[in-house]
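Q: sequence and predicted structure are below.
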Amino acid sequence: MAPLPSPVKQANPMNNLGQDQGHSIEEQVRTDRLHQLFRQSFSAIFGSYLGAVMLCWLCWDRFDQQVILVWLVLLAGSSLVRLHLFVQWFRCPDAGRTPARWERHYWVTLMLSAGIWGGGALAVMPVDDRLSQVLVMLFTVGMSVSAVSCYSAYRYMTLGSMALVLLPCTVWMLFQPSPMQVGVALAVLVFASFVVGATRKLSDALEKAFRLTRQMERAHHISTRAAQTDELTGLMNRRAFYEQAQLLYAQCLREQQPLCALMMDMDHFKAINDTYGHQAGDQVLRQIGAVISASFRQTDIYGRLGGEEFAVLLPNTSLETARSIAEELIQTIHDLPADPVQGVSASLGVASTCTQPLDLNALMNSADKALYQAKASGRNQVAVVD
Ligand SMILES: Nc1nc2c(ncn2[C@@H]2O[C@H](COP(=O)(O)OP(=O)(O)OP(=O)(O)O)[C@@H](O)[C@H]2O)c(=O)[nH]1
């Protein structure tokens, strides 16, 4: 049966109950981590620049001012690159925010910025001024610890940025002659080892929380779908059909559009079961489900009401169009190759709110009465309530 000519307004997701969600839990967790990373770390761009400015301001007379300027300019450049990345991210539609597209860019810009921070801190470090050295160490430790709160969704990103900020100055201090300098470096390393442990625990906990949330969503989706789907055909079951029918009826009433109901019942299905067996009967019902799924618009709703009875609702459709759609459906079912089953046919009743004002129940009852007329008139045909 050919798709209908009327424009598709809004797809009814309930018509796709038989289809899976597609994305694996692992993919979803990875995407959640990426979203968390961008949400958490926006302020880090400004924080890291402000940290460097504050350190330079505190030690303006103690540092080489030319080095300060070069450092701040490089840092401003890398911050602008990161800012540009964030602007692109916030402008990007949800579908484009994939780990494959963004993770590498984030890594590169973060490592660049952390490298400039750590290298710059070493470059401004005066060799003969212990107070300045301690201040520089204090700021590098502060910067690297703040990485835990910003990038914890990605453990190795946190550790990488910490190492690039902290290690240049710490390693330099470690090889200085004074025991105090070596002691400071060792203390920083011990402190950093605790931070590394905390980072691991935090990123593991975050990942676990994302995975649990996604698993619960998936379980909820599966159980909801099972409660709404007819297992044999994959169409909506009776309950889901009537829930959606109420919504569609209300929408048509609001928008003053006509609504047509089609009630269909297979002919002599008992004889099919008796002759070819119940499994062959099931197979025919599956085929009918597939024909119905392929025959209607996304704005229509359809379901198996039970046994060998199906129903369809066609919004914004005239009675004449509904009649020709019903006749085409009856013909498609009659021509269905259902080997070994021979002589598959169905009868169909059509009613519409265009002919008389009906509530949903009255509309369905009216289509049901027409169906029995079609049966009484010899089956394999359509009867319409005019
Ligand atoms: N294979 C199969 N048969 C079913 C299923 N549900 C209902 N049936 C059978 O469908 C048959 C319906 O029989 P009837 O209500 O007498 O209707 P009919 O034989 O189709 O006759 P008419 O409707 O009058 O043309 C019964 O034999 C049911 O057992 C199902 O899920 N699978």
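A: In hand now; what should we look at?
Q: nearest residue to the closest residue to the ligand within the stretch 201-350 of the chain other than its sequence neighbours?
A: Per C-beta to the nearest ligand atom, the residue of the stretch 201-350 of the chain with the smallest distance to the ligand is residue 281, at 2.6 Å. Every C-beta, even on glycine, is put in place using the N, C-alpha and C of the backbone. Distances taken as C-beta to C-beta, 6 or more residues apart in numbering place residue 273 nearest to residue 281, at 4.3 Å, with adjacent residues excluded.
Q: show me what from the stretch 101-250 of the chain comes close to the ligand.
A: On the criterion C-beta under 6 Å from any ligand atom, the ligand has as its neighbours in the stretch 101-250 of the chain the residues residue 232.
Q: what segments of the stretch 101-250 of the chain are strands?
A: Secondary structure of the stretch 101-250 of the chain (DSSP state E, counting those that start in this stretch): no strands located.
Q: what's the mean pLDDT across the strand or helix carrying the residue nearest to residue 281?
A: With secondary structure defined by DSSP states H and E, residue 273 is part of helix 269-276. When the per-residue pLDDT values of helix 269-276 are averaged, the result is 96.
Q: which helices and strands does the helix or strand following it pack with?
A: Sequence order places helix 278-295 as the next helix or strand after helix 269-276, per DSSP H and E. In terms of contacts (3 or more C-beta pairs under 8 Å, 6 or more residues apart in numbering; DSSP states H and E), helix 278-295 is packed against strand 259-266, helix 269-276, strand 301-306, strand 309-315, helix 319-334.
Q: can I get the ones you listed in a markdown table including distance to the ligand and mean neighbour count?
A: Compiled in a markdown table, the helices and strands packed on helix 278-295 are given as follows (distance: least, C-beta to the nearest ligand atom, whole Å; neighbours: other C-beta atoms under 10 Å):
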| stretch | distance to the ligand | mean neighbour count |
| --- | --- | --- |
| strand 259-266 | 5 | 25 |
| helix 269-276 | 3 | 15 |
| strand 301-306 | 7 | 22 |
| strand 309-315 | 9 | 24 |
| helix 319-334 | 13 | 19 |
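Q: can you put the ones you listed in JSON lines and add distance to residue 128?
A: As requested, the helices and strands packed on helix 278-295 are arranged in JSON lines below (distance: least, C-beta to C-beta, whole Å):
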{"stretch": "strand 259-266", "distance to residue 128": "88"}
{"stretch": "helix 269-276", "distance to residue 128": "98"}
{"stretch": "strand 301-306", "distance to residue 128": "81"}
{"stretch": "strand 309-315", "distance to residue 128": "83"}
{"stretch": "helix 319-334", "distance to residue 128": "91"}
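Q: in the protein, which helix is the longest?
A: The residue-count maximum for a helix in the chain (DSSP state H) belongs to helix 179-228.
Q: sorry, back to before: distance of the residue nearest to residue 281 relative to residue 280?
A: 8 Å (C-beta to C-beta, to the nearest Å).
Q: for the helix holding residue 273, list the C-alpha coordinates in CSV.
A: Coordinates of the C-alpha atoms in helix 269-276 are reproduced here as CSV (Å, rounded to 0.1, in the frame of the first residue of the first chain):
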residue,chain,number,x,y,z
PHE,A,269,-9.1,-17.0,11.3
LYS,A,270,-10.2,-19.9,13.3
ALA,A,271,-10.3,-21.9,10.1
ILE,A,272,-6.7,-20.8,9.3
ASN,A,273,-5.6,-22.0,12.8
ASP,A,274,-7.5,-25.2,12.4
THR,A,275,-6.1,-26.0,8.9
TYR,A,276,-2.5,-24.8,9.1
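Q: not counting that helix itself, show me its contacts.
A: Helix 269-276 is contacted from outside by 266, 280, 281, 284, 307, 308, 340, 341, 344, using C-beta atoms under 8 Å, 6 or more residues apart in numbering.
Q: so the first one touches residue 284, yeah?
A: In this case it means residue 266. Yes: applying C-beta atoms under 8 Å as the test, residue 266 and residue 284 come out as touching, 7.5 Å apart.
Q: which residues are common contacts for these two?
A: Shared contacts of residue 266 and residue 284, defined by C-beta under 8 Å, 6+ apart, comprise 272, 344.
Q: so where is the stretch 51-200 of the chain shaky, pLDDT-wise?
A: In the prediction, the stretch 51-200 of the chain carries no residues with pLDDT under 70.
Q: contacting residues around stretch 149-160?
A: 33-34, 36-37, 40-41, 43-44, 106-107, 110-111, 114, 147-148, 161, 196, 199-200, 202-204, 206-207.
Q: give the buried residues for that stretch.
A: Residues 150, 151, 152, 153, 154, 155, 157, 158, 159, 160 are the ones in stretch 149-160 that count as buried (16 or more other C-beta atoms under 10 Å).
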